[in-house]
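S.K.: coordinates only, sequence not included:
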């Protein structure tokens, strides 16, 4: 398969293959961009979640440090929001403001995924349209005298290339679109985890170590009351 034959196929579909090639280039660009962003955001967000889990209580200084460490991650917005309200707003009011920050961040995560969704639908339709045009050219051969019927089958084969190209682009886009949607869902779960950790660690109550004996927390106050 050489360049001349590819040009012949594109012309056979009246240029539809050129549009499909443009869709493929757009699809690949979106795939590379989203893969890099979402994979990096997911990996670094995991580190922030583990960092938060290691703290029993959070004050403004720790929150500012964690926000600076988060850099451009979505978690940084939650940490800055929590730092700005540390010691002033608690409970449901703080939860509502953190939830507001998550809602504002959500469109940033699935940015440009609508392009993949559109290409998944559009590519097979364009491919089918190119094949129909190619069929017109193939059967038009029969109207001209002196042409063998075998030329029709060759024309039909060339016409089907457009449909195959459209299906290939759609399948590739569908696989990556579902994978990216799953990563977006996992990042949103990370943000929800960060929100819950911030609420639990900013309520002013110290958190027990997982290996600590819960009864010890009630023994000390009782002993102090008797001593008083």
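M.R.: That came in fine, so what should we check first? Predicted model, so just to flag it, every value in this text is computed and none were measured. Numbers count the residues shown, from 1 in each chain.
S.K.: going forward, measure contacts and count neighbours with C-alpha atoms only.
M.R.: Will do.
S.K.: what about residue 54, how many residues close to it?
M.R.: Residues near residue 54, counting by other CA atoms under 10 Å, number 9.
S.K.: Provide the backbone phi and psi angles at it.
M.R.: Here is the backbone geometry of residue 54 (degrees, to the nearest 10): phi -80, psi 0.
S.K.: Enumerate every residue touching it.
M.R.: With contact set as CA atoms under 8 Å, 6 or more residues apart in numbering, residue 54 has no partners.
S.K.: what about it, distance to residue 62?
M.R.: Separation of residue 54 from residue 62 (CA to CA, to the nearest Å) stands at 12 Å.
S.K.: now the helices: where do they sit in this protein?
M.R.: Along the chain, the segments classed as helices by DSSP state H run 3-12, 16-53, 60-70, 74-84, 91-109, 113-140, 150-201, 214-227.
S.K.: from the ones you listed, which stretch is densest packed?
M.R.: Among the helices of the chain, ranked by average contacts under mean count of other CA atoms under 10 Å, first place goes to helix 74-84 (a mean of 22).
S.K.: just checking, residue 109 touches residue 184?
M.R.: Yes. Using CA atoms under 8 Å, residue 109 is in contact with residue 184, at 6.2 Å.
S.K.: intersection of neighbour lists for the two?
M.R.: residue 38.
S.K.: Rebuild the helices of the chain as TSV, extending it with mean pLDDT.
M.R.: TSV is the format used below for the helices of the chain (pLDDT from 0 to 100):
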stretch	mean pLDDT
helix 3-12	66
helix 16-53	90
helix 60-70	85
helix 74-84	85
helix 91-109	84
helix 113-140	88
helix 150-201	87
helix 214-227	44
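S.K.: Provide the backbone phi and psi angles at residue 111.
M.R.: Per-residue torsions, residue 111: phi -60, psi 140 (degrees, to the nearest 10).
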